[in-house]
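A.B. asks: sequence and predicted structure below; questions after.
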Amino acid sequence: PQLSFVSDGVYSTARTDIGFQASLSDLALVSPRASGAVDVTGRATGNGQPIAVTLAAAIPSGEVMGRRLTSGRVGFTGTVANGDLTGTVTGGGGLDGLVLALDAGVRATEEDKILEGLNVAIGPNRLTGDLARHGSDPVVGRLTLDAPDIASVAALALTDASGALAADITLADDNGTQGLTLAANASTLVVAGNRIDSLTAKAQVADAFGVPLLDGTLDANGMMVAGFDIRSLSASATRQSADDMRFVGDATFGIGTVATLSGGVKTLDPGFAATIDTLSLSQAAVSATLKAPATVTMHDGTVDLTPLALDFGTGTLTAQGRLDDTFDIDVAMQTLPLAIANAIRPSLGLAGTVTGTARVTGPRDAPDVRFQASGAGLASTATRNAGLPPAAVTASGQTSAGRLNLNAALTAPGGLSATVTGAVPLGAG
């Protein structure tokens, strides 16, 4: 059979002796990136308390991402007494000639969760450290990663990656919040088609799992991320006080586009406020500039946006409003040049301008949306490749009773025209 499971034994407050055996004939049944049979066994024995527990999983022979896996195994040996778990995790094997090893001590009680002596080795790559948490207190401890060649690590995660990555992370109590200190660097890192030639990051973070405020720097070069070619990226943040942080950043794209950003984050009680003081994007004849500082405030489930106004030289974009149990949002565009998108992704080849307004009001579960828009000289790389001329478009719409009532028209040189009038269901209806 492809999957089998058997279990037998007895369990009572006086005596425990129960076990199971499970097997999967081939990992390829779960993922096409892996193969090999898997066997899992477990047993719990004891007279009263404590109960001895053993778990073991083995892959005698298989493949992951085209790499040969031999004698793969991972297991747990320990005891359970009055709900407290104590034991050790071990593992080993080989991956294309690289030695795999795993060792760690674990302890879990109602108040304490402890991982100690963690040592994971995958050939030359190693993760070591100790972590502990008492009750709801912040986690304390340290993790150190030294991975000069992450390809083998990625293979075990069933993904493609290459390059070097190193990181040192210290976790501590920072006035009752989660403190974190990070030092990391990467080189020639390629993960799932994304690339970073070099990266260095250093940071001291307060309230890492809440509203993070940090002192730190980030510098990266030669990035291709989600299709964006970024030649260089530099950012820094500085805590001004216990509840206030300032940040600045700049990036240069592969086509020469330069982007800059500055602002701050301030914690509130409750919530936080994030302000963008300056924002600019420029490349050749196109540009975008923030006309005045804009702030997003989040508190008690409410999001407020002060007017966000962007100047594109030949056009503008503004947005403002509030979102809580109801919407009250306004967006307006005036001769917005679509070519601004080419400054980030030139392959789009967008052209033309858009003018329009949109207003969203009403309850969150059934908002009322009204909009009107017009576009002139609209074109893109895709439309040019299809032999289509630049087009003019007008559109207006309004939601009503779970439907969007839409009127739209398109015209282009050569007698090309189209109109759309009707209602589109929103959601299941």
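C.D. replies: Arrived safely.
A.B. asks: which SS state does Ala382 fall under?
C.D. replies: Three-state assignment for Ala382 (DSSP: H, G, I helix; E, B strand; the rest coil): helix.
A.B. asks: which ones are touching it?
C.D. replies: Residues touching Ala382, when contacts are defined by Cβ atoms under 8 Å, 6 or more residues apart in numbering, comprise Gly349. (Glycine included, C-beta is placed from N, CA and C.)
A.B. asks: what's the pLDDT at it?
C.D. replies: Ala382 is assigned a predicted lDDT (pLDDT) of 95.
A.B. asks: could you measure from it over to Ala351?
C.D. replies: Distance of Ala382 to Ala351, given as Cβ to Cβ, to the nearest Å: 12 Å.
A.B. asks: anything in contact with each of those two?
C.D. replies: Residues touching both Ala382 and Ala351 by Cβ under 8 Å, 6+ apart: none at all.
A.B. asks: list the buried residues for stretch 349-365?
C.D. replies: Gly349, Leu350, Ala351, Gly352, Thr353, Val354, Thr355, Gly356, Ala358, Arg359, Val360 (16 or more other Cβ atoms under 10 Å).
A.B. asks: with stretch 205-223 instead?
C.D. replies: Of the residues in stretch 205-223, 205-208, 211-214, 216, 218, 220, 222-223 count as buried by neighbour count, 16+ other Cβ under 10 Å.
A.B. asks: what sits up against that stretch?
C.D. replies: The contact list for stretch 205-223, computed with Cβ under 8 Å, 6+ apart, reads 174-175, 177-182, 194-204, 229-239, 242-245, 265, 267, 272.
A.B. asks: returning to that earlier point: from the buried residues of stretch 349-365, which land in strands?
C.D. replies: Ala351, Gly352, Thr353, Val354, Thr355, Gly356, Ala358, Arg359, Val360 (DSSP state E).
A.B. asks: show me the contacts for the last one.
C.D. replies: Think Val360. For Val360, the contact set (Cβ under 8 Å, 6+ apart) comprises Gly321, Phe327, Asp328, Ile329, Pro367, Asp368, Val369.
A.B. asks: for stretch 1-15, what is the distance to the chain centroid?
C.D. replies: 40 Å (Cα atoms, centre = their mean, to the nearest Å).
A.B. asks: I'd like the mean pLDDT over it, please.
C.D. replies: Averaged across stretch 1-15, pLDDT comes to 89.
A.B. asks: cool, stretch 159-173 as well?
C.D. replies: The average pLDDT within stretch 159-173 is 96.
A.B. asks: just checking, what packs against the lowest-mean-pLDDT helix or strand in the chain?
C.D. replies: Least confident helix or strand of the chain, by mean pLDDT, DSSP states H and E, is strand 416-425 with a mean of 90. The contact analysis (3 or more Cβ pairs under 8 Å, 6 or more residues apart in numbering; DSSP states H and E) places strand 416-425 against strand 403-412.
A.B. asks: each with direction, which strands does the least confident helix or strand of the chain pair with?
C.D. replies: Based on DSSP bridges, the pairing partners of strand 416-425 within the sheet are strand 403-412 (antiparallel).
A.B. asks: other residues contacting the partner strand?
C.D. replies: The contact list for strand 403-412, computed with Cβ under 8 Å, 6+ apart, reads 369, 388-399, 416-426, 429.
A.B. asks: residue ranges of the helices in the stretch 251-400 of the chain, please?
C.D. replies: With DSSP state H, counting those that start in this stretch as the definition, the stretch 251-400 of the chain shows helices at residue ranges 381-385.
A.B. asks: now the stretch 101-250 of the chain
C.D. replies: Listed in chain order (using DSSP H, counting those that start in this stretch), the helices of the stretch 101-250 of the chain are 151-156.
A.B. asks: re the thing from before, in strands, which of the buried residues of stretch 205-223 appear?
C.D. replies: Counting by DSSP E, the part of the buried residues of stretch 205-223 found in strands is Val205, Ala206, Leu213, Leu214, Gly216, Leu218, Ala220, Gly222, Met223.
A.B. asks: which residues pair with the third one across the strands?
C.D. replies: Put plainly, it is Leu213. Ala206.
A.B. asks: ok, Ala186 next?
C.D. replies: Beta-bridge pairing of Ala186 under DSSP bridges involves Leu165, Leu199.
A.B. asks: that one against Leu199, yeah?
C.D. replies: Yes: with contact defined as Cβ atoms under 8 Å, Ala186 and Leu199 form a contacting pair (4.4 Å).
A.B. asks: where does the chain have low pLDDT?
C.D. replies: Within the chain, the ranges that satisfy pLDDT under 70 run 427-429.
A.B. asks: count the neighbours of the spatially closest residue to Ala121 that is not a sequence neighbour for me.
C.D. replies: By the measure of Cβ to Cβ, 6 or more residues apart in numbering, the closest residue to Ala121 outside its immediate chain neighbours is Ala101, 4.3 Å from it. Counted by other Cβ atoms under 10 Å, the residues lying close to Ala101 total 14.
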